[in-house]
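Colleague: Predicted coordinates and the sequence they were generated for:
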4 protein chains.
Amino acid sequence: MSKPKVIVVPYTRKISRVFSPADWERLHSIADVVWGRDDPIPLAEFEAALPEAVAIVHGEWMYGGAETLRKAPKLRAILEVMGAHSHPGFDHEYCFDHRIRVLSCAPAFALQVAEMALGMALAAARDIALGDRLFRANREQYSSAGNAGTFLLSGKTVGLVGFGSIARQLKSLLAPFGCRLLAYDPWQPAASLRAQGCEPVELARLMSEARVIFVTAVPTIQNKAMLNRDLLERITPGSVLVLISRAHVVDFEVLTDLVLQGRFKAAIDVFPEEPAPPDLPIRQAEQAILSAHRAGAVPEGLLEIGRMVVDDLEAILAGLPPQRMALAQPELVNRLDPAGERVSASYRSREK
Amino acid sequence: MSKPKVIVVPYTRKISRVFSPADWERLHSIADVVWGRDDPIPLAEFEAALPEAVAIVHGEWMYGGAETLRKAPKLRAILEVMGAHSHPGFDHEYCFDHRIRVLSCAPAFALQVAEMALGMALAAARDIALGDRLFRANREQYSSAGNAGTFLLSGKTVGLVGFGSIARQLKSLLAPFGCRLLAYDPWQPAASLRAQGCEPVELARLMSEARVIFVTAVPTIQNKAMLNRDLLERITPGSVLVLISRAHVVDFEVLTDLVLQGRFKAAIDVFPEEPAPPDLPIRQAEQAILSAHRAGAVPEGLLEIGRMVVDDLEAILAGLPPQRMALAQPELVNRLDPAGERVSASYRSREK
Amino acid sequence: MSKPKVIVVPYTRKISRVFSPADWERLHSIADVVWGRDDPIPLAEFEAALPEAVAIVHGEWMYGGAETLRKAPKLRAILEVMGAHSHPGFDHEYCFDHRIRVLSCAPAFALQVAEMALGMALAAARDIALGDRLFRANREQYSSAGNAGTFLLSGKTVGLVGFGSIARQLKSLLAPFGCRLLAYDPWQPAASLRAQGCEPVELARLMSEARVIFVTAVPTIQNKAMLNRDLLERITPGSVLVLISRAHVVDFEVLTDLVLQGRFKAAIDVFPEEPAPPDLPIRQAEQAILSAHRAGAVPEGLLEIGRMVVDDLEAILAGLPPQRMALAQPELVNRLDPAGERVSASYRSREK
Amino acid sequence: MSKPKVIVVPYTRKISRVFSPADWERLHSIADVVWGRDDPIPLAEFEAALPEAVAIVHGEWMYGGAETLRKAPKLRAILEVMGAHSHPGFDHEYCFDHRIRVLSCAPAFALQVAEMALGMALAAARDIALGDRLFRANREQYSSAGNAGTFLLSGKTVGLVGFGSIARQLKSLLAPFGCRLLAYDPWQPAASLRAQGCEPVELARLMSEARVIFVTAVPTIQNKAMLNRDLLERITPGSVLVLISRAHVVDFEVLTDLVLQGRFKAAIDVFPEEPAPPDLPIRQAEQAILSAHRAGAVPEGLLEIGRMVVDDLEAILAGLPPQRMALAQPELVNRLDPAGERVSASYRSREK
């Protein structure tokens, strides 16, 4: 019996980076893989495969809208491997109307990003990167003298801006610290946040009360520069802000300004433009920890993408619901802001 | 009724650094405090208080041996506030023979040191300090390009060299990471380590198998440079060694050599000499994170010392066993190496 | 502005049992509630409300198929409050085709059922109910004499037959016991079970290796009497089987036979017929704990149903995806067996 | 080289019940075992072994006071295997004065007693034993009708009367239930209880506020019938009292009276007299769960005693401090009430 056809074009991801050899083999054992190479698929070949395709695994969506999907009457799922929160040109409505599941690998990043966020928070609270720089400059200060402004994470109030898969994973890593958790997420009713062990609060209160703030919100058309001067100025002196999702969410100039003034500490993994310009002022901030969009690109972590894709394909092809990737929700897809993702595209393309 | 007499000389600690106002008041409400100032007590005053003293709280022991203690027939406990693992000249045997409890505040450091150790481990695994340095030098690499050699802590094998209060606290912080824990501690039988959820192993195996190694062992007369070339060379390439207790335990030259070669990463909080000489070669190691003996000196963390002291005095004066500080054990006190502590003394004295 | 219309007919549930006053008020504050009484809604009234109805909250579905739903063009969600796994006559396909979310309150039972399952497992492992019966008959045996065949849960192998919301909650309650967890769930790929911390196994192995077996599977057209003689005989002597979902899943006669023989212990909350006939042989089994379908009907627990319904309505009416109830999955709804639910209907109707 | 001499007389325990074959062998590999049989040692033989004995492992102490111990100049530890809280005639003071560690196996019972206490609490909260009795009498009530008065443990306030090894273990098993923990323990300062995650409270408040009360306190000369009418009447209607340590602590007649009145539920493992008289009124109480002092006598659980004994002997003979058994504290030994233990002696003697 022939196996179901699955079109696989991870581009701009490379296959060997996201699929372990075992997962790649597992994929072939359950599906008749069309293409399955690192470079983009020629459009003709893509279209030729549509009539029989049961699923499409893709990196960037470059295949148009409903007119394309209409040629794939057997299509049951579209699985993306970038973790991008939106793909310009993609027609979600068609999929919702035709029971095609649209799945994102975003949850594959939760663990590695949460570990990085915790590491950056501890590094900021304890001046680990700063202390290391001072040491190399022969200006280190020992014991108490070098600990002014440091603090413990245990027992502190933590603010989670956005409560998606990253924040949930972070919550699990934070459990032994016994922190009080405040959460702000306009996409979840208060009751839902409470049921997950957080105190739902308005942003103004979160910013004022939390000693460590994790910004994990995805970019939407509503949250551009949501963390504005008014909110950033509410942060209590000496606290820590960890910016780990997208710079889109914060007024980066104000953030830079306040950190340069020494009002609070910041650990920053994402920037308004990437690569960041050589003269970006935040590069000079003593109280900042800077990281080049590295939270979600640990080699072993990327293999989680392939594992999730094959796990969910396995379920789908067996006539079961997928369990691991994130299912696109009609209410949310139109709120995502592809512009908030754009910065990534530039350096991603360089990975080719 | 008069309150019991307690001699309190935290020197070289400062009272305001280790006792919160509330704890200091609590202390006075249960005891008739003799001295209770920052500077050393004049010997005459000390000796005059001995006949009635029920407890002594001290920073450095400068009061001689049995001949002194003999003058304090009512003495039931001696509580030290440095967290030093040994006090030269102190006569433990006399205390053991006369049911005087000797208590150390060492456990007060467990939480802050464990948080720092975890922070340093994550920072090393994810190149947080290195990435920050590169960023400031305009040499940062984005995404996957900047993640060569980084790895996740979750699911890894962790080695604990020494399984005392720091390691136990670390074990609790590590719980959500689901690590396999190997432990080496010659002061605890294998069964005891197993009962605490660790796999007891020989050092050679620990060094070979662990992806992250935490050195938490106190300095003893037996473990000077215990982590020698043979053991350090067993560390698998790209792993992380966190040196958080005392440099005494490791052959520091070999460690430096191997880290400079890039064989593995190291996060180092303690040095053979402190302050470290300006030309200490480890200062140049790309793969190191350097910290100036700062793990156990967070302002709020130091107040835990006073809290423990007053908690245990409260118990003792109420005729109950102390519960929070570490009780000196006859089998162990003679194994501690005061020389391993000496480095600290130099900069501590500068805190005066 | 007028509030969105929501038809609310919890029958055969009573409103005061599933909605706290606060939730009932919250419901009215966000919706224009149609009906909202304990008894069934007259069909005419129901149909009159359809054209404007945005959601329907119901206990038993008595409103026909597509021809009815077609009259409700604004309908976005149907929320059921029985926790029944299927509603005969309901047209899921129409809902899937028209983006109407079908939501079940089944997860509202997870916590109370999991607590009961753990309580029954401990009671069986330690002969708590049996010991109590013997005590009342003046036949109790003290200490070791009364503990033959008892065992600890900590460190044992536990088998979960079905890994849905109950099993997941049970897994959380079992965490401190440090059990090894085996799971069998044909609706989830092995990888998914593994990602949730279980070892996916075949039923035969689960039955042979687990010391405590929890049967939590919902009744499907495929699992009628799935736990047959061959599988039940694999249970190791003296182990415990907790039957907590539906009797449908097990060959009840064989189960009775083996427990009467004393081959293993059983804790049973559900029966092939309810009320169970007075002469049902299991009533005589010394090694059984019997409970009258009581795991999911704790007064405070039922209020979780109303809380979930209002939480999710709040989300839906705010244009957000629901977060708390279980969403019907196209692949699974046709596999559920309404006959497996039927036993409940009889006594439920008596609650009116 | 000859091995150190250890006298081993577990009587009235049986060797095969407390030592696994592996532990028994391990014991012989590290020590020259004197006696090592089930029956009592002849006094002459005991005395002959004293001059060389390094440790004594005993069940009941029948060897007199200081005059005996004086004959054992090499003695470093006395380890008891009953878990009794006091041994009449034993001279603790001599041991404290001569650095002989007195160790009790009481902690070996913590896990099995805590599991039983949790099982009994859940059984009481959910009427598991009562429901089972009704079922066997063909009087069972289904679903909601059978759940009047049942409640969930999750999120409730729990009171711990006594916070020793059992309560600590119980605290760990209760963690996933998210309960608020109140603790009363006159042997521990408030700060110590707080540091362990409990709210220290007076008994009156504990009894009034807790929905589930665990009585885990050991019998002392001060707590005889401490839970008197005034305190027992404070229990809120429908709550659960689990009596798991010793009946000594409670006014049993008042307890019986209130439970017979249906004021609250009780789960009782210990009785003022054991075996309990056939006409003891509590035998008739519908709202009680009765267990014949069975919490600490699970076969596999008893082997933990031998494991702890050998683990600690291993440490002691290696010149290390013991880690697993409970060390007698000078402040506490004189407060224990041997009379509170006496009930056990009677049925224990029957185990011979």
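Modeller: The structure has been received and is ready for your questions. Everything numeric here is computed off the predicted structure, so don't read it as measured data.

Colleague: how many neighbours does the residue in the stretch 201-350 of chain A that chain D sits nearest to have?
Modeller: Nearest to chain D, among the residues of the stretch 201-350 of chain A, is A:Val201, at 20.2 Å (CB to the nearest CB). Heads up, the C-betas are built off the backbone N, CA and C, glycines and all. By other CB atoms under 10 Å in any protein chain shown, 20 other residues sit near A:Val201.

Colleague: any idea which helix or strand carries the closest residue to A:Phe19 other than its chain neighbours?
Modeller: Nearest residue to A:Phe19 in three dimensions, chain neighbours excluded: A:Gly306, at 3.5 Å (CB to CB, 6 or more residues apart in numbering or on different chains). Element membership for A:Gly306 (DSSP states H and E) is helix A:299-317.

Colleague: after that helix comes which helix or strand?
Modeller: Using DSSP H and E, the helix or strand that directly follows helix A:299-317 along the chain is strand A:326-327.

Colleague: How about that next one and chain C, touching?
Modeller: No: judged by CB under 8 Å from any CB of the partner chain, strand A:326-327 stays clear of chain C, getting no closer than 9.2 Å.

Colleague: Might you calculate how far that strand sits from the centre of the chain?
Modeller: Distance, stretch centre to chain centre, for strand A:326-327: 13 Å (CA atoms, centre = their mean, to the nearest Å).

Colleague: Over to stretch A:204-216?
Modeller: 19 Å.

Colleague: how about it: buried residues?
Modeller: Buried residues in stretch A:204-216, counted by 16 or more other CB atoms under 10 Å in any protein chain shown: A:Leu206, A:Met207, A:Ser208, A:Glu209, A:Ala210, A:Arg211, A:Val212, A:Ile213, A:Phe214, A:Val215, A:Thr216.

Colleague: Which of those lies at the shortest distance from B:Arg136?
Modeller: Checking the buried residues of stretch A:204-216 against B:Arg136 by CB to CB gives A:Val215 as the nearest, at 21.7 Å.

Colleague: Quick check: buried residues in the strand or helix carrying A:Ala48?
Modeller: For A:Ala48, the element it lies in under DSSP H and E is helix A:43-49. With burial defined by 16+ other CB under 10 Å, the residues of helix A:43-49 counted as buried are A:Phe46, A:Ala49.

Colleague: Quick one: mean pLDDT over that helix.
Modeller: Averaged across helix A:43-49, pLDDT comes to 97.

Colleague: Could you give the number of residues near the residue nearest to A:Gly238 when sequence neighbours are not counted?
Modeller: Leaving aside its chain neighbours, A:Gly238 sits nearest to A:Gly149 (5.5 Å; criterion: CB to CB, 6+ apart). A:Gly149 sits with 15 neighbouring residues when counted by other CB under 10 Å.

Colleague: A:Gly149 is in contact with A:Pro237, isn't it?
Modeller: No: using CB atoms under 8 Å, A:Gly149 is not in contact with A:Pro237; the gap is 9.2 Å.

Colleague: which ones are touching the nearest residue to A:Ile166 once chain neighbours are set aside?
Modeller: Leaving aside its chain neighbours, A:Ile166 sits nearest to A:Thr216 (4.4 Å; criterion: CB to CB, 6+ apart). By CB atoms under 8 Å, 6 or more residues apart in numbering or on different chains, the residues touching A:Thr216 are A:Val113, A:Ala117, A:Leu160, A:Val161, A:Gly162, A:Phe163, A:Gly164, A:Ile166, A:Ala167, A:Leu170, A:Ile244, A:Ser245.

Colleague: Let me have those in TSV, extended by secondary structure.
Modeller: Converted to TSV, the contacts of A:Thr216 look like this (DSSP: H, G, I helix; E, B strand; the rest coil):
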residue	secondary structure
A:Val113	helix
A:Ala117	helix
A:Leu160	strand
A:Val161	strand
A:Gly162	coil
A:Phe163	coil
A:Gly164	coil
A:Ile166	helix
A:Ala167	helix
A:Leu170	helix
A:Ile244	coil
A:Ser245	coil
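
Colleague: what's the closest of those to chain C?
Modeller: Chain C lies nearest to A:Phe163 out of these, by CB to the nearest CB, at 10.3 Å.

Colleague: surely that closest one meets A:Gln196?
Modeller: Yes: contact status for A:Phe163 versus A:Gln196: in contact at 7.2 Å, counting by CB under 8 Å.

Colleague: shared neighbours, those two?
Modeller: Residues touching both A:Phe163 and A:Gln196 (CB under 8 Å, 6+ apart): A:Ala183.

Colleague: neighbour-wise, which of those two wins?
Modeller: The neighbour count for A:Phe163 versus A:Gln196, taken as other CB under 10 Å, is higher for A:Phe163 (23 against 18).

Colleague: Next, the contact list for the closest residue to that one other than its chain neighbours, please.
Modeller: Using CB to CB, 6+ apart and skipping residues adjacent in sequence, the residue nearest A:Phe163 is A:Asp185, 4.0 Å away. With contact taken as CB under 8 Å, 6+ apart, A:Asp185 is in contact with A:Leu160, A:Gly162, A:Phe163, A:Gly164, A:Ala167, A:Leu193, A:Pro200, A:Ala217.

Colleague: repeat that with 7 Å
Modeller: A:Gly162, A:Phe163, A:Leu193 (CB atoms under 7 Å, 6 or more residues apart in numbering or on different chains).

Colleague: Now render those as JSON lines, adding pLDDT.
Modeller: Putting the contacts of A:Asp185 into JSON lines (pLDDT from 0 to 100) gives the following:
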{"residue": "A:Gly162", "pLDDT": "97"}
{"residue": "A:Phe163", "pLDDT": "97"}
{"residue": "A:Leu193", "pLDDT": "93"}
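
Colleague: Relative to chain D, which of the residues you listed is nearest.
Modeller: A:Leu193 (15.9 Å).

Colleague: pretty sure that closest one is touching A:Pro200, no?
Modeller: Yes: between A:Leu193 and A:Pro200 there is a contact at 4.1 Å, judged by CB atoms under 7 Å.

Colleague: Neighbour count for the two, which is higher?
Modeller: A direct count of neighbours by other CB under 10 Å for A:Leu193 and A:Pro200 places A:Leu193 higher, at 22 against 18.

Colleague: thought A:Arg136 was touching B:Ala285?
Modeller: No: counting by CB under 7 Å, A:Arg136 does not reach B:Ala285; the two are 9.4 Å apart.

Colleague: what's near enough to touch the closest residue in space to A:Ala318 that isn't next to it in sequence?
Modeller: Leaving aside its sequence neighbours, A:Ala318 sits nearest to C:Pro189 (CB to CB, 6+ apart; 7.2 Å). Contacts for C:Pro189 (CB under 7 Å, 6+ apart) come out as A:Asp311, A:Glu314, A:Ala315.

Colleague: can you count the residues close to the second one?
Modeller: This means A:Glu314. 21.

Colleague: Nearest spatial neighbour of it, chain-adjacent residues omitted?
Modeller: Nearest non-adjacent residue to A:Glu314 (CB to CB, 6+ apart): C:Pro189, at 4.7 Å.

Colleague: Could you report the pLDDT at the one you found?
Modeller: With respect to pLDDT, C:Pro189 has a value of 86.

Colleague: how far away is it from chain D?
Modeller: Relative to chain D, C:Pro189 is positioned 27 Å away (CB to the nearest CB, to the nearest Å).

Colleague: For chain B, see how far away that residue is.
Modeller: C:Pro189 is 20 Å from chain B, by CB to the nearest CB.
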